[in-house]
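Trainee: Sharing a sequence plus its predicted fold:
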Amino acid sequence: MTSSADMMPGFDRMQLQAPFDLTYYNEQPLSGGQFHSHAFYEIYYFHEGRCTYLIGDSVFTLKPGDLLLMNGLTLHCPNVEPDSRYVRSILHFDPAWICKGLSETAKSILLDPFESLRNHRMTLTGANRDEFEGMLADIHRLSASTAGFRQERMTLRILEMMYIIADWCQDAVQDQDSISEKERHVQHVVSFVEEHYMQDLTLERIAREMHITKHYLSSLFKEVTGTTVFKYLYHRRINQAKILLRLHPHLSITEISQAAGFKHLAHFSRMFKAMVGTTPEYYRRSGEELSLT
């Protein structure tokens, strides 16, 4: 149950081959600026290194012991500092699978952290950190074993992990005090883009809204996220177009282009083909699930 999908360029057509997929203690390097989204939920645990994670309109500077809960469809992107180790464990799972056979109350308990908090960071310390890391190691050991009822036992451990996470999230409150001034600026930029990506945005307009210069905006965003403001903007627009193509088959390609923030259909088609590897029309017909860009 291991995968190197989080670092492979060809991951943009990935579908889960099983109800869940664990990448355990992955140390392989990852270049910054790899935006992606997918149609399954994600539990991300940061073991070691220096990394800033951009998730939707939130920016997190990670530290060892950080646990991220992601609903998947939100565009997200890690930015690893040069020459830094990047050690993480990632569990993807299908929310429909986790709900199978459970009561409505149990479904609500397990999925609420992903659906209500949407994309949330908590920092594990002490006994909580030891317990969570032990559970990850236990699931990993089972995945590599030939023990009887291996899949069933792994499923039980994942359910237990999710109950523990749900318990931790009952009183979870995002700690804003530890956010640096640079991160705060970038957070505001990302929030502004998230709210206005469908409009005609320029660097001048964003800088004016942030009350900073264009040069400082560009260099600051690149430093914190590992990418440019406009690369993020276009990825956000294309990601929105992919969602619309899947969920609104009655909309024309032109209508989707405009709803995603593109003024010209030709520009939209060109950007979509460059980022996704196929045309919007083919993507709609193909039936592939929402995936990494």
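Mentor: In hand now; what should we look at? Residues are numbered from 1 along each chain as shown.
Trainee: Give me the phi and psi angles of residue 66.
Mentor: phi -80, psi 140 (degrees, to the nearest 10).
Trainee: Could you pull out the buried residues of stretch 74-86?
Mentor: Of the residues in stretch 74-86, 74-80, 86 count as buried by neighbour count, 16 or more other C-beta atoms under 10 Å. Placement of C-beta: from N, CA and C, glycine included.
Trainee: before we move on, what SS does the residue at the greatest distance from the centre of the chain have?
Mentor: Using C-alpha atoms, centre = their mean, the residue of the chain lying farthest from its centre is residue 148. It sits 33.7 Å away. Using DSSP: H, G, I helix; E, B strand; the rest coil, the structure places residue 148 in coil.
Trainee: Show the pLDDT at it.
Mentor: Note on residue 148: pLDDT of 87.
Trainee: same check, this time on residue 288
Mentor: pLDDT, read off for residue 288, is 49.
Trainee: distance of the residue farthest from the centre of the chain from residue 161?
Mentor: Note on residue 148: its distance to residue 161, by C-beta to C-beta, to the nearest Å, is 21 Å.
Trainee: Among the buried residues of stretch 74-86, which are located in strands?
Mentor: The strands, defined by DSSP state E, take in 76-80, 86 from those.
Trainee: show me where pLDDT drops low in the stretch 51-200 of the chain?
Mentor: 171-179 (pLDDT under 70).
Trainee: For the ones in strands among the buried residues of stretch 74-86, could you give me a markdown table that also reports distance to residue 117?
Mentor: As requested, these are exported to a markdown table (distance: C-beta to C-beta, whole Å):
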| residue | distance to residue 117 |
| --- | --- |
| 76 | 14 |
| 77 | 19 |
| 78 | 19 |
| 79 | 22 |
| 80 | 25 |
| 86 | 24 |
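Trainee: Closest one to residue 242 out of those residues, please.
Mentor: residue 76 (14.3 Å; C-beta to C-beta).
Trainee: Now for the residue lying closest to the closest one once chain neighbours are set aside, how many residues are close by?
Mentor: Residue nearest to residue 76 in three dimensions, not counting chain neighbours: residue 55, with 4.3 Å by C-beta to C-beta, 6 or more residues apart in numbering. Other residues lying near residue 55 total 23 when counted by other C-beta atoms under 10 Å.
Trainee: mind listing the strands for the stretch 1-150 of the chain?
Mentor: 20-26, 41-49, 51-55, 58-61, 66-70, 76-80, 86-93, 120-123 (DSSP state E, counting those that start in this stretch).
Trainee: Contacts for the fifth one next, please.
Mentor: Spelled out, that is strand 66-70. Strand 66-70 is contacted from outside by 41-46, 53, 55, 60, 62, 76, 113-114, 117, 119-124, 132, 165, 169, using C-beta atoms under 8 Å, 6 or more residues apart in numbering.
Trainee: Show the pLDDT at residue 48.
Mentor: Looking at residue 48, the pLDDT reads 97.
Trainee: how much space between it and residue 85?
Mentor: 5 Å.
Trainee: Next: residue 163.
Mentor: Taking C-beta to C-beta, one finds residue 163 at 31 Å from residue 85.
Trainee: Could you do residue 147 as well?
Mentor: 32 Å.
Trainee: Settle this for me: residue 180 is touching residue 52, isn't it.
Mentor: No - applying C-beta atoms under 8 Å, one finds residue 180 not in contact with residue 52, separated by 10.4 Å.
Trainee: any shared contact partners between these two?
Mentor: With C-beta under 8 Å, 6+ apart as the test, residue 180 and residue 52 both reach residue 61.
Trainee: Give me the phi and psi for residue 246.
Mentor: phi -80, psi -40.
Trainee: Neighbours of it, how many?
Mentor: 15.
Trainee: same question, residue 91
Mentor: 20.
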